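Trainee: coords below, sequence missing:
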Ligand code: GTP
Ligand code: NA
Ligand code: MG
């Protein structure tokens, strides 16, 4: 098969890590948004989704000449790190292609980092370790948005030594959890050894590297998985009650195409419900799905995307369950949800 003839969809990337490691802030830095500031107590309590178009990745990552980006973008899933939200972490993980494990360089591996690593191993999901908050190394000289290698070269001997020492500590801890890891630019065996990308979510060092690595590792190791197919694969993330839109669900469209007017089947606490998609919305690119904002209306949407679906009968939809699209002639099984008008 000729690789470039394949139609690839966006890799879905799930961000995991201990509470306050900087997962949301990292996304804020990528998106140029302020989602983290608006969170109650600075704690994420919902799964989020953000679409990052390939043009934007190229602009931020500035890939060397000759590097070919084959995927049309990234869909990034933010998860909460607080211990009580392990269900959301496993939900995020179960629909992703690749993960990012965020580690606070000053703290090393923490409880939910270890929990996430166990889940990743269990489900055999490829991941990149982000070693975040490098700006907290004492004496760090800010190099806003610089590639991390360049930023490190700019530091004093003391900062370099502290960095090496903390990096080695994390590499050892990861080894103790069963993973071989290396700084991504020293990693010549990326099929066996996992990458580490140091970053600062405050000043942006390492962000270009992270975006590029996510794209390159995905397209190098999972072409089959990322090949677009017409069969809809879709998972419910959250149920929302919106003053303007009414009850709606946030879903991740993993594969296939959704249309306005499609008949869909959703699992609810009251059993399966068949309903019609009345409206198909997405936030604008680089905006968080879970933050109320201005939505784009669509007649149809192609995977991968974070989507808001407006339809009757979704009030008791169960997060984490799949949504199915019915084709003409499919047995409806359950009465049309229109009559229920929650
Ligand atoms: P939960 O979603 O609640 O698990 O936390 P999180 O992992 O999303 O971390 P969050 O983005 O909420 O950041 C936690 C705190 O760390 C905030 O005060 C951030 O400003 C701070 N922070 C995040 N990244 C960095 C960084 O790179 N450098 C510094 N100095 N602070 C950071
Ligand atoms: Na937080
Ligand atoms: Mg967060």
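Mentor: Sure thing, it's come through. Note that this is a predicted model, so its numbers are computed, not measured. Ligands and ions are numbered 1, 2, ... in the order given.
Trainee: give me the spatial nearest neighbour of residue 259, chain neighbours excluded.
Mentor: With C-beta to C-beta, 6 or more residues apart in numbering as the criterion, residue 259 has its nearest non-adjacent residue at 4.5 Å, and that residue is residue 300. Glycine gets a C-beta too; all of them are placed from N, C-alpha and C.
Trainee: show residues contacting the lengthiest helix in the chain.
Mentor: Longest helix of the chain, by residue count under DSSP state H: helix 157-176. Identification of contacts with helix 157-176 by C-beta atoms under 8 Å, 6 or more residues apart in numbering yields 103, 105-106, 108-109, 117, 129, 131, 134, 137-141, 152, 155, 180-183, 194, 196, 198.
Trainee: so which strand or helix has residue 258?
Mentor: strand 257-259 (DSSP states H and E).
Trainee: let me see the contact set for residue 113.
Mentor: 16, 17, 18, 21, 101, 103.
Trainee: and residue 120, how far is that from ligand 2?
Mentor: 21 Å (C-beta to the ion, to the nearest Å).
Trainee: that should have said residue 123, apologies.
Mentor: Taking C-beta to the ion, one finds residue 123 at 24 Å from ligand 2.
Trainee: tell me the mean pLDDT for the following helix or strand past the longest helix of the chain?
Mentor: Towards the C-terminus, the helix or strand next in line after helix 157-176, according to DSSP H and E, is strand 181-183. For strand 181-183, mean pLDDT is 98.
Trainee: quick one: strand 181-183 to chain centroid distance?
Mentor: Remark: strand 181-183 is offset 21 Å from the chain centroid, using C-alpha atoms, centre = their mean, to the nearest Å.
Trainee: by contact count, what packs against the helix or strand following that strand?
Mentor: Counting by DSSP H and E, the next helix or strand C-terminal to strand 181-183 is strand 194-198. Applying 3 or more C-beta pairs under 8 Å, 6 or more residues apart in numbering; DSSP states H and E, one finds that strand 194-198 contacts strand 126-132, helix 148-153, helix 157-176, strand 181-183, helix 207-221.
Trainee: out of these, which one sits most buried?
Mentor: Ranked by mean neighbour count, the helices and strands packed on strand 194-198 are led by strand 126-132 with a mean of 25 (mean count of other C-beta atoms under 10 Å).
Trainee: and stretch 275-282, what's buried?
Mentor: By neighbour count on 16 or more other C-beta atoms under 10 Å, the buried set for stretch 275-282 is 275, 276, 277, 280, 281, 282.
Trainee: and the contacts of that stretch?
Mentor: Contacts for stretch 275-282 (C-beta under 8 Å, 6+ apart): 51, 245, 248, 258-264, 266, 289, 295-301, 305-314, 336-338.
Trainee: ends of that stretch, what's the gap?
Mentor: 19 Å (C-alpha to C-alpha, to the nearest Å).
Trainee: hmm, residue 253 and the residue nearest to residue 259 touching each other?
Mentor: No: using C-beta atoms under 8 Å, residue 300 makes no contact with residue 253, being 10.7 Å away.
Trainee: what does the stretch 1-150 of the chain put close to ligand 3?
Mentor: Residues of the stretch 1-150 of the chain lying near ligand 3 by C-beta under 5 Å from the ion: 23, 24, 44.
Trainee: where does the stretch 1-150 of the chain have low pLDDT?
Mentor: For the stretch 1-150 of the chain, applying pLDDT under 70 flags the ranges 1-6.
Trainee: ok so, going back, go through the residues of the stretch 1-150 of the chain next to ligand 3 and flag which are in helices.
Mentor: Per DSSP H, the subset of those in helices is 23, 24.
Trainee: also near ligand 1: which of the residues of the stretch 1-150 of the chain next to ligand 3, exactly?
Mentor: Residues of those in contact with ligand 1 (C-beta under 6 Å from any ligand atom): 23, 24, 44.
Trainee: just give me the neighbour total for the second one.
Mentor: Put plainly, it is residue 24. 28 (other C-beta atoms under 10 Å).
Trainee: what's near enough to touch the nearest residue to it once chain neighbours are set aside?
Mentor: Closest residue in space to residue 24, ignoring its immediate chain neighbours: residue 36 at 4.2 Å, by C-beta to C-beta, 6+ apart. By C-beta under 8 Å, 6+ apart, residue 36 lies in contact with 24, 25, 28, 42.
Trainee: next SSE downstream of whatever helix or strand the third one lives in?
Mentor: It stands for residue 28. Under the criterion of DSSP H and E, residue 28 resides in helix 23-31. Sequence-wise, the next helix or strand downstream of helix 23-31 (DSSP H and E) is strand 48-53.
Trainee: who does that following strand pair up with?
Mentor: strand 73-78 (antiparallel) (DSSP bridges).
Trainee: quick one: name the residues of this structure near ligand 1.
Mentor: So far as C-beta under 6 Å from any ligand atom goes, the chain lies against ligand 1 at 17, 19-25, 36, 42-44, 80-82, 132-133, 135-136, 200-202.
Trainee: drop anything exposed from those.
Mentor: Buried among the residues of the chain next to ligand 1 by 16+ other C-beta under 10 Å: 17, 19-25, 36, 44, 80-82, 132-133, 135, 200-202.
Trainee: of residue 300 and residue 253, who's got more company?
Mentor: residue 253 (27 against 11).
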